[in-house]
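**Student:** One predicted model, sequence on top.
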Amino acid sequence: MDRQALQGSEYLVKQSLAEEVFTPEDFSDEQRQIAETTTEFIENEVVPHLEEIDSGRFDLVVQGMKKAGELGLLMIDGPEEYGGLELDKVTSMLAAEKIAPSGSFSVAYACHTGIATLPLVYYGTPAQKAQYLEKILTGEWLGAYCLTEPGSGSDALGARASATLSEDGKYYILNGTKQFITNGSFADLYTVFAQVDKTKFTAFLVERSFEGLVVGNEEKKLGIKGSSTTQIILDNCKVPVANLLGEIGKGHKIAFNVLNVGRLKLGAAVLGAGKGAMAVGIKYANERKQFNTPIAQFGAIGEKVADMQAGLFASESMIYRLSGMIDNQLLTIPKGGADYYEHYQKAIEDYSVECAIIKVFCSEVLATVVDEVVQIHGGYGFTAEYPAERFYRDERINRIFEGTNEINRLLIPAMILRKSLKGELPLQKEAMKAFESLMTPSFEELDASDPYAAEKLLVQNLKTLFLILAGAAVQKHGEQLQHEQEMLLAAADLAIEIFAIESSLLRVEKIAGQASAEKRGLLQAVLKSIAFHGAERAATAAKRGAFYIEEGDTLTMILSGVRRFTRYDAAGLLPAKRLLAAAANESEKYLF
Ligand SMILES: Cc1cc2nc3c(=O)[nH]c(=O)nc-3n(C[C@H](O)[C@H](O)[C@H](O)COP(=O)(O)OP(=O)(O)OC[C@H]3O[C@@H](n4cnc5c(N)ncnc54)[C@H](O)[C@@H]3O)c2cc1C
């Protein structure tokens, strides 16, 4: 891959070129092969058992995970030295996407291959890796990640579980309770976070068989009922000192760094779930007749289908663009050095803003998709006889775990500002330029020869608007801005919409030239819809932000900027949506 990658958050201040972005159309033969193997496995081995799995047959989840292990699907992110495939993030996300139609099973998979395996891969000593990694990568052992406690969820570092060195210096004695642990009832290896000497947040590798580890009862949940969620109780649990992971007092790095990949992976999983749910909705709409007409033929239903296609296209474009950006950075790290994984994680951490964006945007697209799929089913969508009901229940957790969407939204501007303060992002300089542009009249003429001129101008204008608002917020509140959550959420919403529209635009621009006339029409239609709705949401967020921070003349000026910089000529939006709906009704699936 010789594409040049943007550094993290730079998309807000730099222009990207279409040929630089990775898109699903760039998947290699090997990546497509893994996607196919994954889909075959899910369709043959897991989907037929979904109902039993959801009734609490966790033995079937374990059995499925072992089969996934045999097929190599658990070793994608693992180092070759320990039996892993060490493939790129694009492949890892593609596998997560293809696993997703398996509902609860995919939660077990994502947890095991993500937050449960990566702490060991990134921070394990050679001895720890030799002892555990091969077992984890083959599925002989399954993993879990124990961060949350009854009293500390979002405030993860407020954990109270304690770790005390035994008198003979051979063990840490762990005490405390971990809450909501995915794979809790059947995992063999738990990554547990606890405070050494009450203040030093530290990670430990805890085997199920260690004395003092007790698995609590299953939670009775709203959705993902086939995913095991239990407390893990540490009752004087004896953990050999050799099982301390990373450094004492540095557990926060382990806890948070693996969450970046976790959030990207969650994006891929909800994309896969959304594609599956939408296909079910379209099929039903074609079959169900009212007023002697298949309901799919009604504009009201067609618009839902078109909007679902657009949301999923944007999600997909963002996920694989970011995976490509991360892969490019990872390729620059020399292999074999003792500090390889330190650089590796830093490279991923650099994109933590984009990882949070993907977590929020994609999970909320899925929420809309499943809601509309229930609506398309009418009263039948409300009954357990149709799968729409399960999609609706299973979706809800995605806005809560891997950091709630509020926490992820708050992280986005906080991390952008931190980069700016560290001199890694020229936010201040660009904000001043943006503010000046408010005072200059606009003579924005679209390049008639460029079919994407309107969308390009929109993206550029939204970046200007983001910089104006971020600059004004910093000026007004200074360091206190961190406490102005309503403002931070508005800024996050704007940053999210920019990444979504830009990723979709760059993908369409890159691939439309080689597409058939029919496909090109669909690509242009989907882009128009994404740009229109994205601009509307961005305008609402920007207006909200403006009212929160300014008043008087400055407010009036910023509001006129909001109108100017969110303007988008969506002429042809209705035929575009109808085109998408008709094509979707014909194919009964995701179109791209
Ligand atoms: C099914 C399931 C599986 C899970 N799997 C795992 C797992 O495998 N391992 C693990 O460690 N954890 C796991 N979790 C825990 C999950 O990550 C937490 O539930 C989540 O982080 C939220 O924490 P909480 O539930 O304590 O909510 P709280 O932190 O109490 O949050 C409650 C509400 O307050 C908001 N809020 C909290 N703090 C702030 C703030 N500073 N500013 C603004 N708003 C705020 C939140 O956004 C939320 O809306 C799982 C949870 C569930 C339900």
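**Tutor:** That came through fine.
**Student:** CA atoms for contacts and neighbours, from now on please.
**Tutor:** Noted.
**Student:** Next, the residue of the stretch 351-500 of the chain found nearest the ligand: phi, psi?
**Tutor:** Closest approach of the stretch 351-500 of the chain to the ligand (Cα to the nearest ligand atom) occurs at Phe401, with a separation of 4.0 Å. Taking degrees, to the nearest 10, you get phi -90, psi 170 for the backbone angles of Phe401.
**Student:** And for Lys250?
**Tutor:** According to degrees, to the nearest 10, Lys250 has phi -110, psi 20.
**Student:** For it, the count of nearby residues, please.
**Tutor:** Lys250 has 14 neighbouring residues, counting by other Cα atoms under 10 Å.
**Student:** so who does the nearest residue to it once chain neighbours are set aside touch?
**Tutor:** In this structure, Lys250 finds its nearest non-sequential neighbour in Thr202, 5.9 Å apart by Cα to Cα, 6 or more residues apart in numbering. Going by Cα atoms under 8 Å, 6 or more residues apart in numbering, Thr202 touches 193-196, 244-252.
**Student:** Narrow the residues you listed to those in helices?
**Tutor:** Gly251, His252 (DSSP state H).
**Student:** Out of the contacts of Thr202, the closest to the ligand would be?
**Tutor:** Phe193 (8.9 Å).
**Student:** Read off the pLDDT value for Glu336.
**Tutor:** One thing to correct before we go on: residue 336 is Gly, not Glu. Listed pLDDT for Gly336 reads 81.
**Student:** Hmm, I typed the wrong one, I wanted Asp447.
**Tutor:** Asp447 carries a pLDDT value of 88.
**Student:** Equivalent analysis for Gln4, please.
**Tutor:** pLDDT, read off for Gln4, is 50.
**Student:** still on that earlier bit, so what's the residue of the stretch 351-500 of the chain closest to the ligand up against?
**Tutor:** Counted by Cα under 8 Å, 6+ apart, Phe401 has zero contacts.
**Student:** again, only this time at 10 Å
**Tutor:** Gly153, Ser154, Phe180, Gly262, Arg263, Leu266, Lys359 (Cα atoms under 10 Å, 6 or more residues apart in numbering).
**Student:** Redo these as CSV? Include neighbour count, secondary structure and pLDDT.
**Tutor:** Converted to CSV, those look like this (neighbours: other Cα atoms under 10 Å; DSSP: H, G, I helix; E, B strand; the rest coil; pLDDT from 0 to 100):
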residue, neighbour count, secondary structure, pLDDT
Gly153, 17, coil, 97
Ser154, 16, coil, 97
Phe180, 22, strand, 98
Gly262, 25, helix, 94
Arg263, 28, helix, 96
Leu266, 32, helix, 97
Lys359, 30, helix, 98
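**Student:** Next, give me the two most distant ones among the residues you listed.
**Tutor:** Using Cα to Cα, the pair of the contacts of Phe401 lying farthest apart is Phe180 and Lys359, separated by 19.5 Å.
**Student:** Output the contacts of Phe401 as CSV; include the columns distance to the ligand.
**Tutor:** Putting the contacts of Phe401 into CSV (distance: Cα to the nearest ligand atom, whole Å) gives the following:
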residue, distance to the ligand
Gly153, 3
Ser154, 4
Phe180, 5
Gly262, 11
Arg263, 11
Leu266, 12
Lys359, 13
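**Student:** Pull the contacting residues for the residue nearest to Phe435 when sequence neighbours are not counted.
**Tutor:** Spatially, and ignoring its direct neighbours in sequence, Phe435 is nearest to Ile468 (5.4 Å; Cα to Cα, 6+ apart). Counting by Cα under 10 Å, 6+ apart, Ile468 touches 428, 430-438, 462, 542, 546, 558, 561-562.
**Student:** Show me which positions of stretch 34-52 end up buried.
**Tutor:** Buried positions in stretch 34-52, judged by neighbour count with 16 or more other Cα atoms under 10 Å: 34-35, 37-39, 41-43, 45-47, 49-50.
**Student:** ditto for stretch 163-170
**Tutor:** For stretch 163-170, the neighbour count (16+ other Cα under 10 Å) marks Ala163, Thr164, Leu165 as buried.
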